[in-house]
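Peer 1: Coordinates for the following, if possible.
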Amino acid sequence: MARREAWSYDRVCFHDDQGRLISLPASWTSVVAEDPFVALAAGRCALHIAALQALASLLERWRRQNAPA
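Peer 2: Modelled structure (predicted):
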């Protein structure tokens, strides 16, 4: 198993039982410590406030672009 950055993403690479190279986001594995926000939210909140703000901005931009003229 190896952990490396690939295409600007933190990845974990390993060979499966058939010898194929598998690459997964490190955050999907136990290699990365749990995000403190995720631990404290304990399943009650799916997104960080920054992600919610980004989503709100995207939705506002989409609304403006698709508003009737």
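Peer 1: Got the phi and psi for the residue nearest in space to the middle of the chain?
Peer 2: Most central in the chain under Cα atoms, centre = their mean is residue 27, positioned 7.3 Å from the mean C-alpha point. As for residue 27, its main-chain torsions (degrees, to the nearest 10) stand at phi -70, psi -20.
Peer 1: For it, which non-adjacent residue is closest in space?
Peer 2: Distances taken as Cβ to Cβ, 6 or more residues apart in numbering put residue 10 closest to residue 27, at 7.1 Å, once the chain neighbours are dropped. Placement of C-beta: from N, CA and C, glycine included.
Peer 1: Which element is encountered next along the chain beyond the host helix or strand of the one you found?
Peer 2: Residue 10 belongs to strand 9-15 when assigned by DSSP states H and E. For strand 9-15, the following helix or strand on the C-terminal side (DSSP H and E) is strand 21-25.
Peer 1: Strand 9-15 and that next one, what's the angle between them?
Peer 2: An angle of 150 degrees separates the directions of strand 21-25 and strand 9-15 when computed by axes from the mean of the first three to the mean of the last three Cα atoms, to 10 degrees.
Peer 1: Direction included, what does strand 21-25 pair up with?
Peer 2: With DSSP bridges as the criterion, the sheet partners recorded for strand 21-25 are strand 9-15 (antiparallel).
Peer 1: before we move on, the earlier item: pull the distance from the strand holding residue 10 to the chain's centre.
Peer 2: What separates the centre of strand 9-15 from the centre of its chain is 14 Å, taken as Cα atoms, centre = their mean, to the nearest Å.
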